[in-house]
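J.: Sequence first, then the predicted structure, then my questions.
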4 protein chains.
Amino acid sequence: MGSTDKKHPDQERALHRRKQILEAAECCFSRSGFHGASMAEISKAAGMSAGHIYNYFDGKDAIIAAFVQANVERVSAKILGMAQRDDPLQAAYDDIERSVREDIKPGIWKMPLEIFAEASRNPMVAELVQEADRHTRAEFRKLLRAGREKRGMASDDATLDGRIEIMVAFFQGLHVRSVHNPSMNMDSTVAAMRLALWPLLFNE
Amino acid sequence: MGSTDKKHPDQERALHRRKQILEAAECCFSRSGFHGASMAEISKAAGMSAGHIYNYFDGKDAIIAAFVQANVERVSAKILGMAQRDDPLQAAYDDIERSVREDIKPGIWKMPLEIFAEASRNPMVAELVQEADRHTRAEFRKLLRAGREKRGMASDDATLDGRIEIMVAFFQGLHVRSVHNPSMNMDSTVAAMRLALWPLLFNE
Amino acid sequence: MGSTDKKHPDQERALHRRKQILEAAECCFSRSGFHGASMAEISKAAGMSAGHIYNYFDGKDAIIAAFVQANVERVSAKILGMAQRDDPLQAAYDDIERSVREDIKPGIWKMPLEIFAEASRNPMVAELVQEADRHTRAEFRKLLRAGREKRGMASDDATLDGRIEIMVAFFQGLHVRSVHNPSMNMDSTVAAMRLALWPLLFNE
Amino acid sequence: MGSTDKKHPDQERALHRRKQILEAAECCFSRSGFHGASMAEISKAAGMSAGHIYNYFDGKDAIIAAFVQANVERVSAKILGMAQRDDPLQAAYDDIERSVREDIKPGIWKMPLEIFAEASRNPMVAELVQEADRHTRAEFRKLLRAGREKRGMASDDATLDGRIEIMVAFFQGLHVRSVHNPSMNMDSTVAAMRLALWPLLFNE
DNA sequence: AATGAATGAGTTTTCATTCAT
DNA sequence: AATGAATGAAAACTCATTCAT
């Protein structure tokens, strides 16, 4: 649908070109934002003419959409990765430090912020992130329910959903914190994070 | 500095004009984002000519800066308001429901998201939000320390800062949640919020 | 409707500007055609920046539409002028020579040809010329009927409409002839025209 | 000259390819006009790659020229066909109804209008249609002279040329009428046509 | 103090054409 | 003979900003 359906006999090359463009876009978007980055800028970064990009994407909006799509998939992948672990809940708790350090790594949090803002006014992007979020929450709920039932704890839908909401809010909030407080103290933040997540995961 | 120093004989009127412009900008920015809103749009909303705006602001960037400034001050004011209460910590905890409902009210969370994104690439805006955040954290720390000392609890700087970081992340993360999950279940979210905030506020 | 409704406090100036643009457009359109003429070309000919044109017209299509409108009105005006005459039919017949000479004057027939072609694919332009044509035929029919009734001749609608169709075809066909045969012999053409028009006007 | 001189070992195939392209072009040109149709569109319709077209034509202009050429030849063929008839003049008169119906058939008149417009600004195309017109007029003149002399009527060049001019104007004007009045009444138009053509053909 | 006419640089996008394969 | 990836120039249009009034 949308932009993958252009006819390119050499699919291999086409895929590579698209990747090239999206990587160039990442760099430009992160530097100047979706609307500040021009097609000329992107094409230069991608090492091809501006016109040629239109052989792979319908337009700038399609690039933004594909880019957002790729980014939300990255988040989904994380959750799915967690599901592989032995005791996913415990694993998540143990991984807090790594997660936090990852989330506030410079260069990591810029694109999410841009995507959030774009989703707040571009319906196409909104639908993309909301759909991905639905999926992520569903996966997360499965994990949470399984983990809690194993421990013999209540797990009605509403309760789980509320806790998931807050846990995700925290991690997404961390991106926001990064831009507000670049010199955040990592250790005490991680400690506080543990304190807050524990009851969300393991309290009745 | 910047935009307040233009010479206007009638300072009263000038201030009013600036307020007019910023209010018009709010409406346009919220609809179209900082970069999607045009000066023409703003000037029409403000009920004055485009040219005239330049008598009060150096340019669009100056409007954005002033607008961001006004918005971050609104957040600071909230904290200061809390400080007036008898037992600020308990008050904050009791107010969770109202705060959450306020944060995800449609039309409330759009501007913050826009500001976060802008701060991530516009150094002037970044400096603004970081400075305001420093101030907010400092005020919050005073409140938190006072509340905890009254209760005879430890309150070294690092611990407090970590917990503040997480608490603020929660609330800012809620704005982000709004765009990801428009049909969030309020009650269970508030319940989970309480569960998470309690230890942050009152645990050793 | 369309392009006249832009708010220009100084209506006088605005009207003059629009006229300037349409005159410049005439020159460019006639030289390069509707699609061959660029906004840059037009703006240069109009003596203003390309961007400024958009303060007076919604876009190139609006210019084309206004231009076509002005041109079809010119044709209507001719018919109306004829109606003023004492015996319009005789006058029309007597004026044949002048009409023919006018129609094939270089620089006169180019725009009609362009308009005809444009109308054949641009529905907006088609509607414009068809509406004008309906009006012109109606006026012409009134004239023709009055003239013939005065002479005691039959004048049922169908007959009149057929003759009008052919008479108009002649005159519009003359524009076409101009591009096919630039060295047309005027005198014999006028004579032939008289021969053909006479029965159309005055036969039973 | 121009486009026929490309060296193609298999001339048969080359000719077929050119025909393929011109037929594809007909469809595209008629839908979008000479300038609205893109080479990509044409190449897709022709079932070959865009690049390959350049092995048969020097460029888009060459396609337009060849296309126009083919179209004007079609008109010439009509006249030549008429010459085969027993009494060509009478035949022409008797065929009026068929000719009219043919001329205003939807899909028939679009290309002529496009060609007329193009000829009015593209000198190469102008030369093409003028040359073809010279030829057509010459043939027509021969027919007309023969028919009239057989009937013992005067037929000096100037008179004949004037009448031919008007007769052709009428038929070409019909194309123009089609776009102005899509709901033209056929029967009365044919009747009027007969009325007008008779004296042109058969009067002194 | 206030206007809005005017500019010009910059935006996205299209397309005829070329050329390595 | 044939492809289609690639280019680059040009198109329509937008908009922050200036300035004469």
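T.: Sure, I can see it.
J.: Give the buried residues for stretch A:87-98.
T.: By 16 or more other Cβ atoms under 10 Å in any protein chain shown, the buried positions in stretch A:87-98 come out as A:88-89, A:91-93, A:96. Every residue, glycine included, has its C-beta placed from N, CA and C.
J.: ok, and what's touching it?
T.: Outside stretch A:87-98, the residues within contact range by Cβ atoms under 8 Å, 6 or more residues apart in numbering or on different chains are A:82, A:85, A:99, A:143-144, A:146-148, A:150, A:190, A:193-194, A:197-198, A:201-202.
J.: between the residues you listed, which is nearest DNA strand E?
T.: Ranked by distance to DNA strand E (Cβ to the nearest atom of the strand), those are led by A:Ser99 at 34.2 Å.
J.: what about the closest one, distance to DNA strand F?
T.: Between A:Ser99 and DNA strand F the computed distance is 39 Å (Cβ to the nearest atom of the strand, to the nearest Å).
J.: what residues are up against that residue?
T.: By Cβ under 8 Å, 6+ apart, the contact set of A:Ser99 is A:92, A:171.
J.: C:Gly152 versus that one, what's the distance?
T.: Distance, A:Ser99 to C:Gly152, by Cβ to Cβ, to the nearest Å: 101 Å.
J.: now swap in A:Ile96 and tell me
T.: Distance from A:Ile96 to C:Gly152, by Cβ to Cβ: 106 Å.
J.: can you count the residues close to the residue nearest to A:Lys60 when sequence neighbours are not counted?
T.: In this structure, A:Lys60 finds its nearest non-sequential neighbour in A:Met39, 6.1 Å apart by Cβ to Cβ, 6 or more residues apart in numbering or on different chains. Look at A:Met39: counted by other Cβ atoms under 10 Å in any protein chain shown, it has 17 neighbours.
J.: Go ahead and confirm A:Met39 touches A:Ala50.
T.: Yes: using Cβ atoms under 8 Å, A:Met39 makes contact with A:Ala50 at a distance of 5.1 Å.
J.: Where does pLDDT dip in chain A?
T.: Within chain A, the segments meeting pLDDT under 70 span A:1-5.
J.: what are the ranges of the helices in it?
T.: In chain A, the segments counted as helices under DSSP state H are A:11-36, A:39-46, A:50-53, A:60-83, A:88-94, A:96-103, A:110-119, A:123-150, A:157-180, A:186-202.
J.: tell me the most buried of those?
T.: Across those, averaging neighbours per residue (mean count of other Cβ atoms under 10 Å in any protein chain shown) puts helix A:110-119 on top, at a mean of 25.
J.: Show me how the record splits chain A into domains.
T.: According to automatic domain parsing, chain A comprises the domains A:1-57, A:60-202.
J.: if I look at the closest residue to A:Gln20 other than its chain neighbours, how far off is A:Asp61?
T.: The spatially closest residue to A:Gln20, leaving aside those adjacent along the chain, is A:Ala46, at 5.2 Å (Cβ to Cβ, 6+ apart). A:Ala46 is 17 Å from A:Asp61, where distance means Cβ to Cβ.
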